[in-house]
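[1] Okay, here's the prediction I keep looking at, along with the sequence it came from:
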Amino acid sequence: MDGPESDICITPCTVISVAGFILGGILLFFLGMNYANYDWKFMPMDTYVYNMVKMVLSSILLIFAAYAFRKMVLIEGLVLFFISISSLTFAVTYLIYSETGISMINLVFGLALLGISIQTKRNKDWVLFLSTLMAGIGFMLSGFGISRPLEGLFLMASGIILASYGALQMMAAEISPGAIEHNPSHVMVTESVGMFLLGIMCLIVGLWYLDNVMSIWAQHSNSYNIAKIIISLTVMIFSFYAIFEGEFATGIAMMLFSVSAASFSFSQLLFGESRVELADVIFGVVFFVSVVSLYFRKEKLKSLAFFLLFFAITFYPLFGGDAKYYVIGIPFVLSALIIMFLSVTFSSNSGLRAFFDKNDPN
């Protein structure tokens, strides 16, 4: 690509410090808000959906932990591993057996995180030190069953530190003077296929919500949820591809949207529940970071499309009745049309087939 060379290289450390820390921070904040919600009851939450979201998020985080171990990013990998394995254990236990798990496990994982915090302090890695210290204390409080709101506050503080650092790293990689220059062939894969599928999923979701109040089509919720799961899991694959190739703003947004869609549809199909507004609000905040990054990268139409998604998933809990369906449906449909337009025009303008024919070794 034309222009100055990037000062930032896509390394395993970059991937983990951006995607791993953002997702790890989201998971910790999500856990903390749930613990606090037990006593304070500030937001309605379906337990099965909460655990489904937690299971999907922690499974993804475990993939990043394995990637970190494979690339010898050991301390960060251990942090992501203990955060994810604790959440995954309790989520699976509840979803299968309707049990809340054993508090002793959190006590052990809390001790492990405190041990890691000592190592990070010696390395003068203050972000990881503060985050692991807070998370370790939060998990240990959970192990002793002292105070759920207090556990929640420590985990939320840890999540905010970790996710904020990851978001700052993402913005540095995307919009700083020495920002990453994306490989044209990798961009083609994400923009021509991944983004198009994201647009299709947004259109399906948007039309579904609008039809709930307009009654245009005869609908079957099971087929809707199955289609949404299949497409969202496919989008998730492309989100991994985008993240590992350094397209962090696009990849993170695609991943969070697909996690939300897949989790809620699985929960609806298996348990008849699909309400965890807290998860969408948290995802929406991170979505906004992607919106800002894309805007300053001069990808203004994509930024607008993601802003519409951010608005819908963040603010719909403030509305009731039919208004909630319009607040979700209209922005989703508009965003879908913009995303698909961008994907189709990108494929046409870049000569997608000619590019790959030219680079085919056969």
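    Cool, the structure landed.
[2] Just the helices from the stretch 151-300 of the chain, written as ranges.
    Secondary structure of the stretch 151-300 of the chain by DSSP state H, counting those that start in this stretch: the helices cover 184-189, 195-214, 221-244, 248-271, 277-296, 300-315.
[3] and the first one, what's its mean pLDDT?
    In this model, helix 184-189 carries a mean pLDDT of 70.
[4] quick one: pLDDT of Leu309?
    pLDDT, Leu309: 94.
[5] Quick check: it touching Val333?
    No: using CB atoms under 8 Å, Leu309 is not in contact with Val333; the gap is 11.1 Å. Where C-beta positions appear, they are placed from N, C-alpha and C, glycine not excepted.
[6] Identify the contacts common to those two.
    Cys202 (CB atoms under 8 Å, 6 or more residues apart in numbering).
[7] Who has more neighbours out of those two?
    Legend: neighbour count by other CB atoms under 10 Å for Leu309 and Val333, higher for Leu309 (28 against 20).
[8] Nearest residue to Leu130 in space, please, no chain neighbours.
    Ile161 (5.3 Å; CB to CB, 6 or more residues apart in numbering).
[9] Tell me how many other residues crowd that neighbour.
    24.
[10] Let me see the domain layout of the protein.
    12-175, 184-358 (automatic domain parsing).
[11] Quick one: mean pLDDT for the shortest one?
    For domain 12-175, mean pLDDT rounds to 88.
[12] Can you get me the start-to-end distance on it?
    From its first residue to its last, domain 12-175 covers 19 Å (CA to CA, to the nearest Å).
[13] May I see the buried residues of stretch 234-252?
    Under the neighbour-count criterion of 16 or more other CB atoms under 10 Å, stretch 234-252 has 234-236, 238-252 buried.
[14] before we move on, what about stretch 146-166?
    By neighbour count on 16+ other CB under 10 Å, the buried set for stretch 146-166 is 148, 150-166.
[15] Contacts for that stretch next, please.
    17-40, 127, 130-135, 137-139, 141-142, 286.
[16] Just give me how far it sits from the chain centre.
    Put simply, stretch 146-166 sits 17 Å off its chain's centre (CA atoms, centre = their mean, to the nearest Å).
[17] would you put the C-alpha positions of that stretch in PDB?
    Extracted C-alpha coordinates of stretch 146-166, given in PDB (Å, rounded to 0.1, in the frame of the first residue of the first chain):
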ATOM      1  CA  ILE A 146     -18.000 -12.600  51.700                       C
ATOM      2  CA  SER A 147     -20.000 -10.000  49.700                       C
ATOM      3  CA  ARG A 148     -21.300 -10.300  46.200                       C
ATOM      4  CA  PRO A 149     -21.400  -6.600  45.500                       C
ATOM      5  CA  LEU A 150     -17.800  -6.200  46.800                       C
ATOM      6  CA  GLU A 151     -16.700  -9.100  44.600                       C
ATOM      7  CA  GLY A 152     -18.400  -7.400  41.700                       C
ATOM      8  CA  LEU A 153     -16.700  -4.100  42.300                       C
ATOM      9  CA  PHE A 154     -13.300  -5.600  42.300                       C
ATOM     10  CA  LEU A 155     -14.000  -7.600  39.100                       C
ATOM     11  CA  MET A 156     -15.500  -4.600  37.400                       C
ATOM     12  CA  ALA A 157     -12.400  -2.500  38.300                       C
ATOM     13  CA  SER A 158     -10.200  -5.200  36.900                       C
ATOM     14  CA  GLY A 159     -12.200  -5.500  33.800                       C
ATOM     15  CA  ILE A 160     -12.200  -1.700  33.200                       C
ATOM     16  CA  ILE A 161      -8.400  -1.500  33.600                       C
ATOM     17  CA  LEU A 162      -7.800  -4.500  31.200                       C
ATOM     18  CA  ALA A 163     -10.400  -3.500  28.600                       C
ATOM     19  CA  SER A 164      -9.400   0.200  28.600                       C
ATOM     20  CA  TYR A 165      -5.700  -0.700  28.000                       C
ATOM     21  CA  GLY A 166      -6.700  -3.000  25.200                       C
END
